[in-house]
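A.B. asks: next come a sequence and a model predicted from it.
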Amino acid sequence: MLTLYNDRHALHHGQREMFRGEMVPCFEIPARADFVLAELKRRGLGAIETPAAFDDAVIARVHAPRYLDFLRGAWDEWVALDPANAQRDAFPSYWPIRTFRSDVLPASFPARMGLFSYDAGSPLTSGTWAAAYAGAGCAIVAAQRVLAGERAAFALTRPPGHHAGADFFGGYCFLNNAAIAAQTLRDAGAARVAVLDIDYHHGNGTQAIFYERADVLVTSLHGDPHTEYPYYLGYADEQGAGAGKGFNRNLPLPRGTGFEAWRAALTDALAGIAAFRPDALVVSLGLDTFAGDPIAGFTLQSDDYLRIGEDLARAGLPTVFVFEGGYAVAEVGVNAVNVLEGFAEGAG
Ligand code: OKP
Ligand code: ZN
């Protein structure tokens with residue numbers, strides 16, 4: 001399988017994140033992608049390329065221009081507040097929750113940072129824009145290569161993307177790589193695209209971006225938001241709105257779910273996708289469903305990821321894989337590559 005590798009990913013390197021009133025070491029660290037890359041090479045799974053250049057116009061078809069302007073300039077604005085900020089990651093402190101206005105763009109940088117985010121756990125660093133932008137390029141080129149005839153391609157990038165909405169970051173995500181891949185496929189002629197999100201956490205950003213659209217079916221398997229992050233979205237009754245009614249599908253599963261029940265939900269999800277008759281599939285490939293994950297609650301084992309890859313191959317669709325979560329760092333490479341290898345063998 002072809003991999004599009006973001007060799008700038010480590011420019012995004014959060015130091016700490018807020019957890020239960022304390023700043024703790026980040027879970028979303030550069031080593032995650034390093035382990036996946038090393039395992040891909042060790043098992044010789046296929047060519048590994050880094051896009052030299054890409055057409056970025058699709059990014060502004062997924063994200064709001066004022067959000068992109070903010071993100072591009074955020075680090076410089078943060079340092080302009082106080083030169084000592086150059087040594088500290090940027091975090092929001094204020095959010096325009098219900099009753100506040102979000103149409104006004106305040107001059108204050110901290111005010112805009114809160115306007116464009118939804119949690120305090122996603123540090124923005126000096127290289128966040130550069131890393132996220134290059135990652136979006138990997139998702140774009142992966143989609144283009146699949147359109148050009150590759151059966152599948154893997155965008156190996158971080159920070160992840162599925163929590164990022166049209167105009168907000170959060171959940172370690174800044175640009176929604178899976179949505180950007182799906183939009184790239186649409187723009188190049190795929191009439192219908194399915195996004196399947198198998199990260200432990202509901203892909204609230206992806207859902208929101210396509211919620212009122214019938215051309216992109218979004219299906220997600222995840223921990224029940226009653227108890228699991230991102231809490232405020234991902235319930236089974238969210239089925240899309242307007243023209244998109246019926247084109248969003250959530251399959252929440254209780255914390256503690258093991259592979260048998262998880263795989264039954266995957267079978268259900270794939271049946272819904274087959275009924276949609278998509279021209280292509282985008283998989284938000286989170287590996288935080290693994291039993292050893294420090295911030296999630298399912299109990300999948302490493303071998304289970306081979307079966308997942310085989311099940312996905314059986315859908316018979318041109319497929320773009322996009323790397324999302326997975327924080328059991330030492331095992332994330334094996335687990336990710338197991339999915340890809342299972343897919344490659346299943347696809348024959
Ligand atoms: C991103 B992705 C841990 C609490 C959870 C946010 C989790 C974001 C997960 N201290 N914080 O979906 O893997
Ligand atoms: Zn996750």
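C.D. replies: Yep, that arrived. Ligands and ions are numbered 1, 2, ... in the order given.

A.B. asks: tell me the residue of the protein that sits nearest ligand 1?
C.D. replies: residue 325 (2.1 Å; CB to the nearest ligand atom). All C-beta spots, glycine's among them, are computed from the backbone N, C-alpha and C.

A.B. asks: what's around the closest residue to residue 345 other than its chain neighbours, how many residues?
C.D. replies: The shortest distance from residue 345 to any non-neighbouring residue, by CB to CB, 6 or more residues apart in numbering, is to residue 310 (7.0 Å). Residues near residue 310, counting by other CB atoms under 10 Å, number 17.

A.B. asks: helix, strand or coil for residue 310?
C.D. replies: Here residue 310 is helix, with the state taken from DSSP: H, G, I helix; E, B strand; the rest coil.

A.B. asks: same thing with residue 269?
C.D. replies: Residue 269 is classified as helix under three-state DSSP.

A.B. asks: grab the nearest non-local neighbour of it.
C.D. replies: Nearest to residue 269 is residue 219, by CB to CB, 6+ apart, at 4.8 Å.

A.B. asks: quick one, what contacts that neighbour?
C.D. replies: Contact analysis of residue 219 by CB atoms under 8 Å, 6 or more residues apart in numbering lists 194-197, 248-251, 269, 272-273.

A.B. asks: so which of the residues you listed are in strands?
C.D. replies: Using DSSP state E, the members of the contacts of residue 219 that fall within strands are 194-197, 248-251.

A.B. asks: surely the residue nearest to residue 269 is in a strand?
C.D. replies: Yes: assessed by three-state DSSP, residue 219 belongs to a strand.

A.B. asks: around ligand 2, which positions in this structure sit nearby?
C.D. replies: Within the chain, the positions near ligand 2 by CB under 5 Å from the ion are 199-201, 286, 288, 325.

A.B. asks: just the helices in the stretch 201-348 of the chain please.
C.D. replies: Per DSSP state H, counting those that start in this stretch, the stretch 201-348 of the chain carries helices over the ranges 204-210, 259-276, 304-314, 329-347.

A.B. asks: which SS state does the closest residue to ligand 2 within the stretch 51-200 of the chain fall under?
C.D. replies: Here the residue of the stretch 51-200 of the chain nearest ligand 2 is residue 199; by CB to the ion that distance is 4.1 Å. State at residue 199, reduced to three classes by three-state DSSP: coil.

A.B. asks: surely it meets residue 162?
C.D. replies: Yes: here residue 199 lies in contact with residue 162, judged by CB atoms under 8 Å, at a distance of 6.1 Å.

A.B. asks: neighbour count winner among the two?
C.D. replies: Taking other CB under 10 Å, residue 199 and residue 162 do not tie; residue 162 has more neighbours (33 against 29).

A.B. asks: thought the more buried one was touching residue 176?
C.D. replies: Yes: using CB under 8 Å, residue 162 makes contact with residue 176 at a distance of 6.5 Å.

A.B. asks: name the residues contacting each of the two.
C.D. replies: With CB under 8 Å, 6+ apart as the test, residue 162 and residue 176 both reach 205-206.

A.B. asks: can you give me the strands in the protein?
C.D. replies: Under DSSP E, the chain gives strands at 2-5, 16-19, 22-25, 48-49, 152-156, 193-197, 216-223, 248-253, 280-285, 319-323.

A.B. asks: in the first one, which residues are buried?
C.D. replies: If I follow you right, that is strand 2-5. Buried residues in strand 2-5, counted by 16 or more other CB atoms under 10 Å: 2-5.

A.B. asks: mind listing what residue 138 touches?
C.D. replies: By CB under 8 Å, 6+ apart, the neighbours of residue 138 are 4-6, 50-51, 155-157, 177.

A.B. asks: what do you get if the cut-off is 10 Å, keeping everything else the same?
C.D. replies: 3-9, 49-51, 54, 153-157, 177, 180-181, 322-323 (CB atoms under 10 Å, 6 or more residues apart in numbering).

A.B. asks: up against ligand 1, what does the stretch 1-150 of the chain have?
C.D. replies: Counting by CB under 6 Å from any ligand atom, the stretch 1-150 of the chain comes close to ligand 1 at 19, 121.
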